[in-house]
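Asks: coordinates only, sequence not included:
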């Protein structure tokens with residue numbers, strides 16, 4: 001690993017930092033989150049047009065910049081500094097990598113260029129609020145986390161083409177169910193939806209494409225009704241999108257209700273049998289995407305923590321008590337020094353996780369989002385995310401504390417970082433489960449790395465009693 005950044009990488013950071021410093025201050029952030037989309041659409045288009053931000057880690061063949069997860073993480077660190085409300089994580093770290101990894105050539109050519117240029121935004125919809133599990137960050141993603149036939153999931157079924165008899169072969173797909181806490185789900189035009197299919201005998205989880213901007217027949221009344229209720233823009237018949245109230249308004253989330261919504265299998269038959277696509281390939285692609293998304297989210301956390309710490313240091317230098325700046329007191333200095341060390345350790349972990357996720361290919365089209373499946377070092381992404389989230393939580397809490405009485409007012413900018421810290425851990429955490437999963441993948445406990453179906457390593461006796469994951473979590477918590 002070469003720890004030095006290239007001149008191109010430094011230029012990405014400098015340009016993005018200067019642009020966000022001019023157009024994304026605390027007042028602009030608070031104004032943007034109160035708009036219907038939840039972000040400044042004009043600024044997003046500018047970031048896409050001038051910097052190619054959403055296509056930073058996509059191949060040039062699909063109108064991307066041709067970089068990789070490292071450059072995406074550096075960009076996310078800068079957006080985190082400004083607490084930028086945008087669909088960057090949802091589009092560039094979740095939807096686009098999955099389309100690149102699993103989509104057919106027609107799907108890639110049709111969707112990736114407009115996603116890379118900012119004309120469209122995308123997101124990943126996972127039912128039951130189990131995004132972290134789907135991305136293999138807090139547990140194995142080979143289970144029935146997409147529903148498994150139970151209430152609350154999303155079910156996919158085949159429909160026969162017009163004039164043909166119903167059956168498993170041919171035709172399209174229909175999705176029925178709901179998903180909550182979907183990042184930017186109320187505005188994304190391209191939805192990558194995880195759904196359960198195959199019934200009990202051939203149960204599997206597959207990914208489907210839903211074009212939310214497609215207008216179905218006789219849908220005018222539905223759009224008007226959605227606007228009256230203050231919900232997201234309705235377009236596709238049977239799809240109801242409602243923006244949810246969130247503690248962190250800079251990460252807008254939505255609830256999706258799908259009622260026989262037409263969908264397209266991601267991959268269009270690659271590895272398909274009569275009941276759908278290859279569930280194992282989907283699980284591998286989700287895990288590879290999880291490594292990239294974890295590095296990107298961790299980078300945003302490090303950027304936010306860095307700005308919160310810098311603002312706190314500036315404040316304690318100015319705030320006087322007992323005739324001297326409070327920053328001159330040794331107790332305050334020790335607290336800030338501890339935060340600085342924690343932050344720098346998290347930054348190093350994030351950079352390594354981004355490098356690990358991207359090794360094996362940068363910006364070139366391969367079978368996986370950014371290189372062959374399994375190139376990321378096991379456990380690195382989850383561990384880096386845990387360390388970054390802990391750093392942001394510690395820095396944000398101390399920022400509120402050291403700002404004194406004004407820091408406790410809800411309107412103060414310190415709460416932007418405090419709320420970001422709390423909600424990011426809910427999004428892809430919690431921290432103790434991230435650490436437990438990293439320990440399990442790295443083989444620190446019996447039944448960890450190299451295990452078959454989450455059990456003992458191949459050729460070894462399966463331990464009895466407490467499952468391996470639970471033993472790992474207990475050891476980490478201890």
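Replies: The structure has been received and is ready for your questions. Bear in mind that the values here come from a model prediction, so they are computed numbers and not experimental data. Residues are numbered from 1 along each chain as shown.
Asks: Quick check: nearest residue in space to residue 354, chain neighbours excluded?
Replies: residue 73 (3.7 Å; Cβ to Cβ, 6 or more residues apart in numbering). All C-beta atoms are positioned from the backbone trio N, CA, C, and that covers glycine.
Asks: show me what contacts that neighbour?
Replies: Residues near residue 73 by Cβ atoms under 8 Å, 6 or more residues apart in numbering: 295, 296, 298, 299, 350, 351, 353, 354.
Asks: hang on, it in a helix?
Replies: Yes: the assignment for residue 73 (DSSP: H, G, I helix; E, B strand; the rest coil) places it in a helix.
Asks: what's the spacing between it and residue 87?
Replies: 17 Å (Cβ to Cβ, to the nearest Å).
Asks: For the stretch 251-400 of the chain, which segments are assigned as helices?
Replies: For the stretch 251-400 of the chain, helices defined by DSSP state H, counting those that start in this stretch occupy the ranges 279-318, 330-358, 380-402.
Asks: what separates the last one from the chain centre, distance-wise?
Replies: In this view, helix 380-402 has its centroid 17 Å away from the chain centroid, taken as Cα atoms, centre = their mean, to the nearest Å.
Asks: what do you get for the longest one?
Replies: In terms of Cα atoms, centre = their mean, the gap separating the centre of helix 279-318 from the centre of its chain is 10 Å.
Asks: what comes up buried for it?
Replies: 279, 281-309, 312-313, 315-316 (16 or more other Cβ atoms under 10 Å).
Asks: ok so, going back, Throw the contacts of residue 73 into JSON lines and include pLDDT and distance to residue 136, thanks.
Replies: Putting the contacts of residue 73 into JSON lines (pLDDT from 0 to 100; distance: Cβ to Cβ, whole Å) gives the following:
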{"residue": "295", "pLDDT": "97", "distance to residue 136": "14"}
{"residue": "296", "pLDDT": "97", "distance to residue 136": "16"}
{"residue": "298", "pLDDT": "98", "distance to residue 136": "16"}
{"residue": "299", "pLDDT": "98", "distance to residue 136": "19"}
{"residue": "350", "pLDDT": "97", "distance to residue 136": "18"}
{"residue": "351", "pLDDT": "96", "distance to residue 136": "21"}
{"residue": "353", "pLDDT": "95", "distance to residue 136": "14"}
{"residue": "354", "pLDDT": "95", "distance to residue 136": "17"}
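Asks: follow-up on the earlier one: kindly present the helices of the stretch 251-400 of the chain as a markdown table, with separate columns for distance to residue 237.
Replies: Shown next, in a markdown table, are the helices of the stretch 251-400 of the chain (distance: least, Cβ to Cβ, whole Å):
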| stretch | distance to residue 237 |
| --- | --- |
| helix 279-318 | 27 |
| helix 330-358 | 38 |
| helix 380-402 | 38 |
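Asks: Tell me the buried residues in stretch 394-409?
Replies: Here stretch 394-409 shows 394, 395, 396, 397, 398, 399, 400, 402, 403, 407 as buried, counting by 16+ other Cβ under 10 Å.
Asks: And these, which is closest to residue 191?
Replies: When the buried residues of stretch 394-409 are ranked by distance to residue 191 (Cβ to Cβ), residue 396 comes first, at 31.5 Å.
Asks: Hmm, residue 118 and residue 45 touching each other?
Replies: Yes: counting by Cβ atoms under 8 Å, residue 45 does reach residue 118; the two are 5.6 Å apart.
Asks: Comparing those two, which shows the higher neighbour count?
Replies: residue 118 (21 against 13; other Cβ atoms under 10 Å).
Asks: Tell me the secondary structure of that one, please.
Replies: coil.
Asks: re earlier: now the two most distant members of the contacts of residue 73.
Replies: 296 and 351 (12.3 Å).
Asks: Quick one: low-confidence residue ranges for the stretch 101-250 of the chain.
Replies: 143-144, 146-152, 161-171, 199-202, 215-235 (pLDDT under 70).
Asks: ok, residue 263 - contacts?
Replies: By Cβ under 8 Å, 6+ apart, the neighbours of residue 263 are 156, 172, 173, 174, 175, 193, 195, 208, 209, 210.
Asks: of the residues you listed, closest to residue 52?
Replies: residue 209 (23.0 Å).
Asks: Find me the pLDDT at the closest residue to residue 336 other than its chain neighbours, would you?
Replies: Nearest residue to residue 336 in three dimensions, chain neighbours excluded: residue 313, at 6.1 Å (Cβ to Cβ, 6+ apart). Residue-level confidence at residue 313 comes out at 96, pLDDT.
Asks: you'd agree residue 313 is up against residue 335?
Replies: No: the pair residue 313 / residue 335 is not scored as a contact, 10.9 Å apart, by Cβ under 8 Å.
Asks: pLDDT for the buried residues of stretch 394-409 - can I get that in CSV?
Replies: Shown next, in CSV, are the buried residues of stretch 394-409 (pLDDT from 0 to 100):
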residue, pLDDT
394, 97
395, 97
396, 96
397, 96
398, 96
399, 96
400, 94
402, 94
403, 92
407, 83
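Asks: Of the residues you listed, just say which sits nearest to residue 187.
Replies: Using Cβ to Cβ, the buried residues of stretch 394-409 come closest to residue 187 at residue 396, 26.9 Å.
Asks: mind listing the strands for the protein?
Replies: With DSSP state E as the criterion, the chain has strands at 122-125, 154-159, 172-183, 190-197, 204-211, 239-244, 253-265, 320-321, 324-325.
Asks: The third one packs against which elements?
Replies: Translated: strand 172-183. Helices and strands touching strand 172-183, as assessed by 3 or more Cβ pairs under 8 Å, 6 or more residues apart in numbering; DSSP states H and E, comprise strand 122-125, strand 154-159, strand 190-197, strand 204-211, strand 253-265.
Asks: try 7 Å
Replies: Strand 172-183 sits against strand 122-125, strand 154-159, strand 204-211, strand 253-265, with contacts defined as 3 or more Cβ pairs under 7 Å, 6 or more residues apart in numbering; DSSP states H and E.
Asks: Tell me which of those is the most buried.
Replies: Stretch with highest mean neighbour count among the helices and strands packed on strand 172-183: strand 122-125 (a mean of 28; mean count of other Cβ atoms under 10 Å).
Asks: Walk me through which strands it pairs with, and which way each runs.
Replies: Here strand 122-125 is paired, per DSSP bridges, with strand 190-197 (parallel).
Asks: so what's the residue nearest to residue 264 when sequence neighbours are not counted up against?
Replies: Closest residue in space to residue 264, ignoring its immediate chain neighbours: residue 209 at 4.5 Å, by Cβ to Cβ, 6+ apart. Counting by Cβ atoms under 7 Å, 6 or more residues apart in numbering, residue 209 touches 107, 190, 192, 263, 264, 266.
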